[in-house]
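K.L.:
Next one to model:
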Amino acid sequence: MIDTLTLLLQNYGYWGMLLAAFLAGSFFPFSSEAVMLGLLAAGLHPVPLVVYGTIGNVAGSLFNYGVGRMGRLEWIERYLHVKRHDIDKAQQFMAGHGAWMGFFAFLPILGSAITIALGLMRANFLTSLISITLGKALRYIILMAGVTAVF
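P.N.:
Alright, predicted model coming up:
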(Lines give C-alpha, C1' and ligand atoms only; values in the text may rest on other atoms or scores of the structure.)
Protein backbone atom coordinates (compact mmCIF):
# COMPACT_ATOMS: atom_id res chain seq x y z
CA MET A 1 0.00 0.00 0.00
CA ILE A 2 2.84 2.42 0.84
CA ASP A 3 4.40 1.81 -2.60
CA THR A 4 1.10 2.64 -4.30
CA LEU A 5 0.72 5.79 -2.22
CA THR A 6 4.29 6.82 -3.04
CA LEU A 7 3.64 6.40 -6.79
CA LEU A 8 0.38 8.34 -6.52
CA LEU A 9 2.12 11.21 -4.73
CA GLN A 10 4.89 11.24 -7.31
CA ASN A 11 2.27 11.83 -10.01
CA TYR A 12 1.32 15.10 -8.30
CA GLY A 13 4.83 16.57 -8.47
CA TYR A 14 5.63 19.27 -5.96
CA TRP A 15 2.15 19.10 -4.41
CA GLY A 16 2.65 15.36 -3.93
CA MET A 17 5.93 16.18 -2.21
CA LEU A 18 4.14 18.58 0.12
CA LEU A 19 1.48 16.01 1.01
CA ALA A 20 4.03 13.22 1.47
CA ALA A 21 6.11 15.46 3.73
CA PHE A 22 3.01 16.41 5.74
CA LEU A 23 2.18 12.75 6.30
CA ALA A 24 5.77 11.95 7.26
CA GLY A 25 5.97 14.97 9.58
CA SER A 26 2.81 13.98 11.38
CA PHE A 27 2.25 10.75 13.28
CA PHE A 28 1.71 8.75 10.06
CA PRO A 29 4.65 6.40 9.40
CA PHE A 30 5.68 7.44 5.90
CA SER A 31 8.92 8.18 4.08
CA SER A 32 8.89 11.55 2.36
CA GLU A 33 12.51 10.93 1.37
CA ALA A 34 11.43 8.12 -0.97
CA VAL A 35 8.93 10.43 -2.67
CA MET A 36 11.53 13.20 -2.87
CA LEU A 37 14.08 10.92 -4.49
CA GLY A 38 11.45 9.57 -6.90
CA LEU A 39 10.46 13.08 -7.91
CA LEU A 40 14.10 14.06 -8.34
CA ALA A 41 14.64 11.02 -10.56
CA ALA A 42 11.53 12.04 -12.53
CA GLY A 43 13.23 15.34 -13.36
CA LEU A 44 11.86 17.78 -10.80
CA HIS A 45 14.27 20.41 -9.51
CA PRO A 46 15.92 19.91 -6.10
CA VAL A 47 15.37 23.39 -4.64
CA PRO A 48 11.55 23.43 -4.96
CA LEU A 49 11.49 19.83 -3.70
CA VAL A 50 13.35 20.93 -0.56
CA VAL A 51 11.02 23.94 -0.13
CA TYR A 52 7.80 21.95 -0.59
CA GLY A 53 9.16 19.09 1.52
CA THR A 54 10.14 21.41 4.34
CA ILE A 55 6.79 23.24 4.33
CA GLY A 56 4.83 19.97 4.35
CA ASN A 57 7.00 18.34 7.00
CA VAL A 58 6.83 21.36 9.29
CA ALA A 59 3.04 21.51 8.83
CA GLY A 60 2.82 17.85 9.88
CA SER A 61 4.93 18.57 12.95
CA LEU A 62 2.73 21.55 13.83
CA PHE A 63 -0.29 19.26 13.56
CA ASN A 64 1.39 17.04 16.17
CA TYR A 65 2.21 20.09 18.30
CA GLY A 66 -1.46 21.11 18.21
CA VAL A 67 -2.60 17.63 19.18
CA GLY A 68 -0.12 17.65 22.05
CA ARG A 69 -1.28 21.10 23.11
CA MET A 70 -4.79 19.67 23.54
CA GLY A 71 -3.25 17.50 26.25
CA ARG A 72 -5.37 14.39 25.75
CA LEU A 73 -2.87 11.55 26.21
CA GLU A 74 -5.53 8.88 25.76
CA TRP A 75 -6.38 10.34 22.33
CA ILE A 76 -2.72 10.49 21.38
CA GLU A 77 -2.22 6.83 22.30
CA ARG A 78 -5.49 5.61 20.83
CA TYR A 79 -5.74 7.55 17.56
CA LEU A 80 -2.18 8.54 16.77
CA HIS A 81 -0.64 5.30 18.02
CA VAL A 82 2.12 7.19 19.81
CA LYS A 83 2.86 5.38 23.04
CA ARG A 84 3.15 7.21 26.36
CA HIS A 85 6.59 5.60 26.69
CA ASP A 86 7.76 7.35 23.49
CA ILE A 87 6.44 10.69 24.72
CA ASP A 88 8.21 10.17 28.06
CA LYS A 89 11.45 9.39 26.19
CA ALA A 90 11.04 12.53 24.11
CA GLN A 91 10.44 14.64 27.21
CA GLN A 92 13.55 13.17 28.88
CA PHE A 93 15.54 13.85 25.69
CA MET A 94 14.36 17.46 25.73
CA ALA A 95 14.79 17.99 29.49
CA GLY A 96 15.90 21.51 30.20
CA HIS A 97 16.20 22.53 26.54
CA GLY A 98 12.56 23.18 25.73
CA ALA A 99 11.42 24.41 22.35
CA TRP A 100 14.88 24.37 20.76
CA MET A 101 14.80 20.57 20.90
CA GLY A 102 12.26 20.77 18.08
CA PHE A 103 15.35 20.80 15.85
CA PHE A 104 15.50 17.02 16.36
CA ALA A 105 11.93 16.47 15.13
CA PHE A 106 13.42 14.99 11.94
CA LEU A 107 14.48 11.85 13.85
CA PRO A 108 12.54 8.72 12.90
CA ILE A 109 9.92 7.58 15.45
CA LEU A 110 11.11 9.97 18.18
CA GLY A 111 10.42 13.01 15.98
CA SER A 112 6.64 12.71 16.22
CA ALA A 113 6.89 12.18 19.95
CA ILE A 114 9.10 15.28 20.25
CA THR A 115 6.58 17.51 18.49
CA ILE A 116 3.68 16.09 20.50
CA ALA A 117 5.72 16.56 23.70
CA LEU A 118 6.44 20.18 22.74
CA GLY A 119 2.70 20.75 22.56
CA LEU A 120 2.08 18.93 25.84
CA MET A 121 4.78 21.04 27.52
CA ARG A 122 3.27 24.18 25.98
CA ALA A 123 6.68 25.07 24.59
CA ASN A 124 6.99 28.50 22.99
CA PHE A 125 5.30 28.23 19.59
CA LEU A 126 7.58 30.57 17.66
CA THR A 127 10.77 29.00 19.02
CA SER A 128 9.34 25.54 18.31
CA LEU A 129 8.44 26.58 14.75
CA ILE A 130 11.93 27.95 14.09
CA SER A 131 13.76 24.96 15.56
CA ILE A 132 11.54 22.41 13.80
CA THR A 133 11.93 24.24 10.48
CA LEU A 134 15.72 24.40 10.81
CA GLY A 135 16.00 20.67 11.51
CA LYS A 136 13.60 19.59 8.79
CA ALA A 137 15.12 21.89 6.16
CA LEU A 138 18.66 20.83 7.03
CA ARG A 139 17.74 17.15 6.69
CA TYR A 140 16.29 17.67 3.19
CA ILE A 141 19.21 19.88 2.14
CA ILE A 142 21.69 17.23 3.24
CA LEU A 143 19.69 14.55 1.42
CA MET A 144 19.65 16.57 -1.80
CA ALA A 145 23.31 17.55 -1.51
CA GLY A 146 24.28 13.91 -1.07
CA VAL A 147 22.15 12.67 -3.95
CA THR A 148 23.07 15.42 -6.42
CA ALA A 149 26.77 15.01 -5.57
CA VAL A 150 26.52 11.34 -6.58
CA PHE A 151 24.96 12.16 -9.94
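
K.L.:
hey, let's count contacts and neighbours off CA atoms from now on
P.N.:
Noted.

K.L.:
following the least confident helix or strand in the chain by mean pLDDT, which helix or strand comes up?
P.N.:
Within the chain, no helix or strand scores below helix 2-11, which has a mean of 67 by mean pLDDT, DSSP states H and E. Using DSSP states H and E, the helix or strand that follows helix 2-11 in sequence is helix 13-25.

K.L.:
tell me which residues in the helix or strand following that next one are buried?
P.N.:
Sequence order places helix 32-41 as the next helix or strand after helix 13-25, per DSSP H and E. Of the residues in helix 32-41, Ser32, Glu33, Ala34, Val35, Met36, Leu37, Gly38, Leu39, Leu40 count as buried by neighbour count, 16 or more other CA atoms under 10 Å.

K.L.:
what about the most centrally placed residue in the chain, distance to Ala41?
P.N.:
The residue lying closest to the centre of the chain (CA atoms, centre = their mean) is Gly25, at 2.4 Å. Gly25 sits 22 Å away from Ala41, going by CA to CA, to the nearest Å.

K.L.:
do the same with Phe27
P.N.:
27 Å.

K.L.:
same check, this time on Trp100
P.N.:
For Trp100, the distance to Ala41 - CA to CA - is 34 Å.

K.L.:
wait, Val67 sits on Ile76?
P.N.:
Yes. Judged on CA atoms under 8 Å, Val67 makes contact with Ile76 at a distance of 7.5 Å.

K.L.:
so where do the helices sit in this protein?
P.N.:
Here the chain has its helices, by DSSP state H, at 2-11, 13-25, 32-41, 46-70, 73-79, 84-94, 110-120, 125-150.

K.L.:
So which bits of the fourth one are buried?
P.N.:
Buried residues in helix 46-70, counting neighbours by 16+ other CA under 10 Å, are found at 46, 49-69.

K.L.:
Can you give me the neighbour number for His85?
P.N.:
By other CA atoms under 10 Å, 11 other residues sit near His85.
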